[in-house]
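Q: I need the structure of the sequence given here:
(chains A, B, C and D)
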Amino acid sequence: MARTRPRTTPLAATALALALTATACAPAGTGTDDDTVTVGLLHSLSGTMAISEVTVHDAVQLAIDEINADGGVLGRQIEPIVEDGASDEATFAERAQKLLQSDGVATVFGGWTSASRKAMLPVFERNDGLLWYPVQYEGLEASPNIVYTGATTNQQIIPALDYLREEGHTSLYLVGSDYVFPRTANQIITAYAQAHDMDVIAQEYTPLGHTEYSTITDDIARTAPDAVFNTLNGDSNVSFFQQLRSAGVSAQDTPVLSVSVAEEEIEGIGADNITGHLTAWNYYQSTPTDTNTGFVEAFTDAYGEERVTSDPMQSAYNAVHLWRAAVEEAGSFEVADVRQALDGTTFEAPEGTITIDGATQHVVKTARIGQVNDQGLIDEIWSSPQPITPDPYLEGYDWAAALTG
Amino acid sequence: MTLLDIRDLTVTFGAFTALDHIDLTLDHGELRFLIGPNGAGKTTLIDTITGRTRPTSGTITFNGHTLNKRSEHHIVRAGIGRTFQTSVVFEHLTVADNVDLAASFRLRPWQLLRRPRTPHPEVPDLLERVGLTPHTHALAGTLSHGQRQWLEIAMLLAQHPRLLLLDEPVAGMSAAERTRTGELLTRIAADHTVVVIEHDMDFLRRYARQVTVLHEGRILTHGDLATVQNDPRVQEVYLGRTPQETRP
Amino acid sequence: MDALVNQLPTGLAIGAVLLLAALGLNFTFGQMGVINMAHGEFIMVGAYTAYVLHAWAGLDPTWSLIAALPLAFTLTGTLGWLLELGLIRHFYGRPLDTLLLTFGIGMILQQAARDTFGAPNVDVPAPGWLTDGTTLPGGIRLHHSRLFILALALVCVLAIAHYLHRTHQGRQMRAVIHNRDLAGVSGINTRKVDATTFFIGSGLAGVAGVALTLIGPTGPTLGANYIVDAFLVVVIGGLGRLRGTVLAAFALGILNATAQAWTDASLAKLLVFAAIIAFLQARPQGLFTVKTRALT
Amino acid sequence: MTPTPAPGRRTPLARLRGPATFLALLAAALLLLPHLLEPFRLNLLTQYLCYSIVALGIALAWGRGGMLTLGHGVYFGLGAYAMAIHLTLAATAADPLTRGRLPQFMAWSGRTELPWFWQALTHPAAAVTAALLLPAALATLLGWSVFRQRVRGAYFALLNQALAAAFVILLIGQQHLTGGSNGLTDFPVFAGHSLYTPTAQTTLYTLTVLTLAATYLLLRHLTHSRYGRLLIAIRDGEDRVRYLGYDPTWAKTLAYALSATAAGAAGALFVPVMGIISPTLIGVVPSIMMVLAVAIGGRDSLAGAAAGALIMNTAQTTFSETFTGGWTYLQGALFVVVIALAPHGLAGLAHTARAALRRPRTPAPAQETATAGSTP
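A: Residues are numbered from 1 along each chain as shown, chains lettered A, B, ... in the order given. Below you'll find the model as predicted:
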């Protein structure tokens, strides 16, 4: 029964809460001692983004285990401090702050969504930390406190457009989730299309997590574009491909090129629904390099036969190795020293040899178009003639001049 | 002098006619008992006067003003107060606060926002009248059933209404509580106009002067208690069916 | 007008999904006034039932779909029954507390699904005969999976109507809703009726879950995606009115589809929300109301 | 049922105890904690205190007025975005590289000029005013229109929830105006002062504590006024209140709007403290979490609600640092247990415990409560 209560007790409760907070705030561990070096792992292990980020987390763990088995970095064992971003940007920022200020880690591997990266960026800049961000993203960023090991737009979207044009697909239908990456990607696509005599028939955005695609799929069936450029995120892909199929659109007539569908999402979409459609990445589980064979084997040994590897996982895995190489080059764990050593650091990665471009702190990598097979894996059908230098602001593309403003 | 004038009032719920062309007038200072079997439309009539139910047709005039489209609180402000069959006092407020709240409704909004140093000056007197002074600072939720009814009456009086509508004020009371309520009513009726819905025949015999009988949404008859009791139609209505002394 | 005709099949399809998700709420929320926020998680359990039958028991898609419907109904019905028995019955008359309570239950169920089946979506393949579509002469495309869901929703509505109006138990249920005390003194076991109502309402969530695997992702947050809209359907329809729920579901579906054709999906959702507020201005109790004398 | 001491009959000591505890707490919070806590923890504490301000408002609307508001994230978000927009403009102007240009996300979304409501927030005072007035205005509009139609209880709760869902969709969809799902981030300066210095963090902390204290005092005053009693009466019997001659519409709208304003103020403080605002912080689930914090602390006690937010957020940090996935189970179970077994939350438990300590082995007969006025 509610009563008008005396005010003293709740105030005492507040005092207790303050005391609790104070205890919870006991000083935490320190960065490095003689035998070990601590690094932060910051991905969403709970919440909606856990779907994708747990696999990336696993790949980072794998790389750390490999390096530790190989004698560590500068003779020290890597000791990961794992934090959960909980699919929530504020938590990412908060945990990043904890890792840098309280734990004093040497570097942090983390993030997936652009939102989480944007949230962490000021924290890293303020504390002069170094974040390794493993996912392809919308570009327009080159922070001295972040190393981007995934693709920027000119390493994924533009090559995909080049491919479609080579194949003679000149009318495009754009479908995307309503957030930063698809909106930016579609701006680039539209500018590219204008400059290269291609048609953009429609641009459709749906809210994140949307599942009603029949209006759009029917429209695709009706307008019959040469190809669909798909920047949908996560769950929506499942509904989209299911409904596209029952709308009677086939991969032969109208291939869908997706930039956010990797091996691990295909299981949830159902291989039946997406077989024959296209993807654009820099790495596939089937990429034929010796390093990749070893990587896939090591990963399935560690986490189970049924697990697949994907581009973001591989980029995250590369990040740890690249960091080790840069640290050993610098001979120091200090961020300033490591940053100096970044330019030109290379690693024999599963996707092939990759090199850090010091100016942008992105990675030089090869673009690859793949086709989904009925096993749920992706076969490479096209690759860029040579590794592409990252250009996050698209400064090297005349037609993109209007975009950068 | 007429205080309340109801003309040709009809209320329907879908296909069901709850009140069927009612005409009723009340004079200043009257104590009127409203009786009738279950479903006769007594509570609907009170609901319609107080704005809880909208009339389908007809007019209700109070003190010269039409009430038809006014909302409940406006009607209260015009001077009509009521109680309910099941008493609804505010259990989480003290007895004094219940009455104080009822007495304060004419304050301006910003006056309500001030922290009261003392309760409304009339509160002690009102509690005295209904015999709840010993319980002034108790939570209303701790009162017995009879005490709650008295508290409701005190709250009603605090509003200084010109017309009081009481819906079965003695239902569920003990004999002693009934007597006390009856006396309270008589005192109140001395300077208020009061309408009481009641079933209890014994209570009626002791306190009723003028009685109106409702049946199936119509006014069956009207007059002093003896006349009404001897009316064969009234006997038929009450005897022709199961006796309806109390309700579930 | 032309756009409306074109959007009609889509609108009906969206409406059917809303209807399926909301039918169960029509019992638990509409009839009993219980806001069960875990209803979405019951939908999810239904979807995973279909997955388990296919992936673990190895049934082919057609049989796993057919077997999953009654199984999911029983399973989520039992979950709902347990929830009613263990918690909710102590909170009748406190709908807002029930809301928060069941939100906690929903959190637990969601995490349990994540731990059992993993965070990623799982694949529940649709039977071959449902993955195709038919094009009508006017160029309107009918998706078979949508037709199936529409048919399933209508079957459920008819079954519910039959149950409520033609069976002894159904009449008892309506009696309890109409006047609990009177029904109680007339010898109806109201506790049993409450439990049954909750069983059916939750069971319908399971059926909805199975159907949703045909058109969307099957993952731990499946139900949470539908729950807000489903509640709105019941609010607009009027509490406890089957007719209202059906009408509201299709009205929202068609409104959504039309708005989506006119603007984009994000703005369409906003327009629908604005329309709901405007609608409640005119009909605060929903399309169909039950008059009551109770004082609140 | 334990009786309530009548306000007029408390002993002078009891009269003093409340304010004394309050002042002691305030002094401790302002003078001691900034020196005891390392900067990171002080920053966390400031964030939690922002949620405590939201909790105070919810305790008024829900605990007193019975309006279960499942959409307070919207009001928090309005305050936060008003401040974040201002800070983004300030950041753009402070950096010689970007001065005079549009914020980057806008340029990339194809905008060529600053939207009017961004321009309006250029001045810090305008941002603070908007952070308080926008939530109040929206809540007044929504509240008045639904309360007038007597939409309440579960309906009101569900409408609020839908509002939160719609607001998030709007923020994400209007990327060129709001930064979309990335939200707004990176705020180095406010009114010419750097926000990244330790002094700034302590100042923000002090400001948050003072806002919390002021909100507490204001709402506490209101709950002890006749208006406070009216709210309780409306919660327990809205229709009955109409027959007392009051129009519940304005009383409810006022409580709802005040509660929204508190959330707006909290949002405005949260942004410079946290350094980010984005749609996921203010959607359906965060909004429910805000209410659950109040349920845990004690819905009918203002201080309890504020403590609830503090405790829940502390627990969230502590437990999710220790066992990541399991925290969700624990949290879910905690909600169930508290609401099922302790509907008055921790404040209620503390009250019961204190009463039990004070009167050991004295069974309280039901009748005693009828004359409860004299009980201490």
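
Q: Check the secondary structure at the residue of the stretch 151-300 of chain A found nearest chain C for me.
A: Of all residues in the stretch 151-300 of chain A, A:Gly268 sits closest to chain C, at 2.9 Å by C-beta to the nearest C-beta. For glycine as for every other residue, the C-beta is placed from the backbone atoms N, C-alpha and C. Here A:Gly268 is helix, with the state taken from DSSP: H, G, I helix; E, B strand; the rest coil.

Q: how far away is it from A:Ile220?
A: As judged by C-beta to C-beta, to the nearest Å, A:Gly268 and A:Ile220 stand 21 Å apart.

Q: what's the answer for B:Leu165, then?
A: Remark: distance between B:Leu165 and A:Ile220 (C-beta to C-beta) = 67 Å.

Q: wait, C:Pro127 sits on C:Leu59?
A: No - if you go by C-beta atoms under 8 Å, C:Pro127 and C:Leu59 don't touch, sitting 10.7 Å apart.

Q: what touches both of the two?
A: Here C:Pro127 and C:Leu59 have no joint contacts, going by C-beta atoms under 8 Å, 6 or more residues apart in numbering or on different chains.

Q: Tally up the residues packed near the closest residue to chain A within the stretch 51-200 of chain C, please.
A: Proximity of the stretch 51-200 of chain C to chain A (C-beta to the nearest C-beta) peaks at C:Asn121, 2.9 Å away. By the criterion of other C-beta atoms under 10 Å in any protein chain shown, C:Asn121 has 26 neighbours.

Q: Quick one: the strands in the stretch 101-250 of chain A, in order.
A: Here the stretch 101-250 of chain A has its strands, by DSSP state E, counting those that start in this stretch, at A:108-110, A:131-133, A:146-148, A:171-177, A:199-206, A:227-231.

Q: Pick the most deeply packed of these.
A: The densest packing among the strands of the stretch 101-250 of chain A, expressed as mean neighbour count by mean count of other C-beta atoms under 10 Å in any protein chain shown, is seen in strand A:108-110 with a mean of 29.

Q: How far off centre is that one?
A: 12 Å (C-alpha atoms, centre = their mean, to the nearest Å).

Q: Which strands or helices does it pack on?
A: Packing partners of strand A:108-110 (3 or more C-beta pairs under 8 Å, 6 or more residues apart in numbering or on different chains; DSSP states H and E): strand A:36-43, helix A:89-97, helix A:114-127, strand A:131-133, helix A:311-330.

Q: what would the ones you listed look like in a markdown table with mean pLDDT and distance to chain D?
A: Formatted as a markdown table, the helices and strands packed on strand A:108-110 follow (pLDDT from 0 to 100; distance: least, C-beta to the nearest C-beta, whole Å):
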| stretch | mean pLDDT | distance to chain D |
| --- | --- | --- |
| strand A:36-43 | 95 | 10 |
| helix A:89-97 | 89 | 5 |
| helix A:114-127 | 90 | 4 |
| strand A:131-133 | 97 | 14 |
| helix A:311-330 | 96 | 18 |
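
Q: a markdown table for these, including distance to A:Leu394?
A: Formatted as a markdown table, the helices and strands packed on strand A:108-110 follow (distance: least, C-beta to C-beta, whole Å):
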| stretch | distance to A:Leu394 |
| --- | --- |
| strand A:36-43 | 29 |
| helix A:89-97 | 26 |
| helix A:114-127 | 17 |
| strand A:131-133 | 19 |
| helix A:311-330 | 21 |
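
Q: D:Val336 is nearest to which of those?
A: helix A:89-97 (23.4 Å; C-beta to C-beta).

Q: Which strands and helices lie in contact with that closest one?
A: Identification of packing neighbours for helix A:89-97 by 3+ C-beta pairs under 8 Å, 6+ apart yields strand A:36-43, strand A:77-84, strand A:108-110, helix A:114-127, helix D:39-58, helix D:248-274, strand D:276-277.

Q: What residues sit buried inside stretch C:189-202?
A: Across stretch C:189-202, burial judged by 16 or more other C-beta atoms under 10 Å in any protein chain shown covers C:193-202.

Q: what does it rub up against?
A: C:24-28, C:31-32, C:34, C:36, C:39, C:42, C:76-81, C:83-85, C:88-89, C:92, C:160, C:163, C:169, C:172-173, C:176, C:180, C:183-184.

Q: Let's test this: mean pLDDT of it, rounded?
A: The predicted model assigns stretch C:189-202 a mean pLDDT of 90.

Q: got a markdown table for the helices and strands packed on helix A:89-97, with distance to B:Arg106 too?
A: Listed next are the helices and strands packed on helix A:89-97 as a markdown table, based on distance: least, C-beta to C-beta, whole Å:
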| stretch | distance to B:Arg106 |
| --- | --- |
| strand A:36-43 | 62 |
| strand A:77-84 | 58 |
| strand A:108-110 | 63 |
| helix A:114-127 | 54 |
| helix D:39-58 | 29 |
| helix D:248-274 | 15 |
| strand D:276-277 | 45 |
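
Q: what's the most buried one of those?
A: Most buried of the helices and strands packed on helix A:89-97 by mean neighbour count (mean count of other C-beta under 10 Å) is strand D:276-277; its value is a mean of 30.

Q: which residues sit against that strand?
A: A:89-90, A:93, A:118-119, A:122, D:77, D:80-81, D:83-84, D:183-186, D:267, D:270-271.

Q: try 10 Å
A: A:89-90, A:92-94, A:115-116, A:118-123, D:76-77, D:79-85, D:87, D:171, D:178-179, D:182-187, D:267-268, D:270-271 (C-beta atoms under 10 Å, 6 or more residues apart in numbering or on different chains).

Q: tell me the mean pLDDT over that strand?
A: 90.

Q: ok, that strand: who's next to it in the sheet?
A: strand D:184-185 (antiparallel) (DSSP bridges).

Q: chain center to the strand it pairs with, what's the gap?
A: 21 Å.

Q: For that strand, which outside residues touch it?
A: Under the criterion C-beta under 10 Å, 6+ apart, residues A:89, A:93, A:115, A:117-123, D:80-81, D:83-85, D:87-88, D:91, D:103, D:105, D:178-179, D:271, D:274-278 lie in contact with strand D:184-185.

Q: in chain A, which residue is closest to the centre?
A: Geometric centre of chain A, nearest residue: A:Val135, 1.7 Å, by C-alpha atoms, centre = their mean.

Q: Pop out the phi and psi values for that residue.
A: phi -120, psi 150 (degrees, to the nearest 10).

Q: Report the separation between it and chain B.
A: Using C-beta to the nearest C-beta, to the nearest Å, we find A:Val135 at a distance of 54 Å from chain B.

Q: From what I see, that residue and A:Thr149 are in contact.
A: Yes - using C-beta atoms under 10 Å, A:Val135 makes contact with A:Thr149 at a distance of 8.6 Å.

Q: returning to that earlier point: nearest to D:Thr352 among the helices and strands packed on strand A:108-110 would be which one?
A: helix A:89-97 (34.4 Å).

Q: Report the inter-axis angle for that closest one versus helix A:114-127.
A: With axes from the mean of the first three to the mean of the last three C-alpha atoms, to 10 degrees defining the directions, helix A:89-97 sits at 30 degrees from helix A:114-127.

Q: one step back: so A:Gly268 and A:Ile220 - more neighbours on which side?
A: For A:Gly268 versus A:Ile220, neighbours defined as other C-beta under 10 Å are more numerous around A:Ile220 (24 against 21).
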